[in-house]
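**Q** build the 3D model from these lines:
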Amino acid sequence: EIFEWYPDVVERIAAEGHEIGLHGFGHRVIDSEKVLLEEFEKSGAFLSAMDVRGFRAPQIFLYENAHQQLADVGVVYSSSTYGRAVPVIMSGVVEIPVSQLGLFGSEKFNGALPANLTMKTMLKGVPFGSGLFLGVFGKHVDKLIYYENSRGGRTMTFLHPWQVYRPPIVSSLKYKAIGVMRSPLSLPYHRTIDEEFEMLLE
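**A** A predicted model of the protein is given here:
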């Protein structure tokens, strides 16, 4: 959708050397092959214009056996699961989990999908790579990153643009109230994390 609204902005970002990946067309939860194929079809102009190699499923939710459909449209890698950030090849697509620090040893992603953010996921370990947990831990997230590095791991993290730069609508009380009513888990997303972002870049 963003590419359809502002193609010149997306093209400029790509021209400045950044890789552009696909996050779906309208941020629908990818819970079936039908939904994924519809998202690809709607994203046709975007896929034609950009050299898309990476994919992240909205809400880190991807149905079982989805990687074959990703491979069919030229996706090389995905980051649509939680687990220790150890790459796993699935149907020719490299799946790189969003970092989760296992509470009971170094728990790797076992290939079972979906592996999204649920209470069960959080009982297994802290998904510190999520933008949600950047909002929870703030600058203390660096301790988890350093710990993962110290045991030979790597960190896969993400954040949303609106967590760093907040347009007036996102800062409004009404927007926050709607978000929290839909999901209390969204509360940490309402913290601006521009300082944390700077820290990560440094």
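
**Q** in contact with M199, which residues?
**A** M199 is in contact with K139, D142, counting by C-beta atoms under 8 Å, 6 or more residues apart in numbering. (C-beta placed from N, C-alpha, C; glycine too.)

**Q** whichever strand or helix holds it: which residues count as buried?
**A** Assessed by DSSP states H and E, M199 sits inside helix 194-201. Using 16 or more other C-beta atoms under 10 Å as the test for burial, helix 194-201 gives E196, L200.

**Q** send me that helix as CSV with only the CA atoms.
**A** These are the backbone C-alpha positions of helix 194-201, laid out as CSV (Å, rounded to 0.1, in the frame of the first residue of the first chain):
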residue,chain,number,x,y,z
ASP,A,194,14.4,7.2,19.1
GLU,A,195,17.2,7.1,21.7
GLU,A,196,17.2,3.3,21.7
PHE,A,197,17.3,3.4,17.9
GLU,A,198,20.4,5.7,18.0
MET,A,199,22.0,3.4,20.6
LEU,A,200,21.4,0.4,18.3
LEU,A,201,23.0,2.2,15.3
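
**Q** what's the strand or helix carrying F133 packed up against?
**A** Using DSSP H and E, F133 sits in helix 131-137. Counting contacts by 3 or more C-beta pairs under 8 Å, 6 or more residues apart in numbering; DSSP states H and E, helix 131-137 packs against helix 141-150, helix 161-164.

**Q** how about the ones you listed in a markdown table, adding mean pLDDT and distance to P58?
**A** Shown next, in a markdown table, are these (pLDDT from 0 to 100; distance: least, C-beta to C-beta, whole Å):
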| stretch | mean pLDDT | distance to P58 |
| --- | --- | --- |
| helix 141-150 | 90 | 22 |
| helix 161-164 | 86 | 15 |
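
**Q** dump those to JSON lines, plus distance to L70 and mean neighbour count.
**A** JSON lines is the format used below for the helices and strands packed on helix 131-137 (distance: least, C-beta to C-beta, whole Å; neighbours: other C-beta atoms under 10 Å):
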{"stretch": "helix 141-150", "distance to L70": "26", "mean neighbour count": "15"}
{"stretch": "helix 161-164", "distance to L70": "23", "mean neighbour count": "16"}
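
**Q** tell me which of those helices sits nearest to W5.
**A** Shortest separation from W5 across these is recorded for helix 161-164, at 14.0 Å, computed as C-beta to C-beta.

**Q** picking that back up, mind listing what's buried in the helix holding F133?
**A** For helix 131-137, a neighbour-count test (16+ other C-beta under 10 Å) marks G131, L132, F133, L134, G135, F137 as buried.

**Q** closest one of these to L159?
**A** Taking these together and measuring to L159 by C-beta to C-beta, the closest member is G131, at 4.0 Å.
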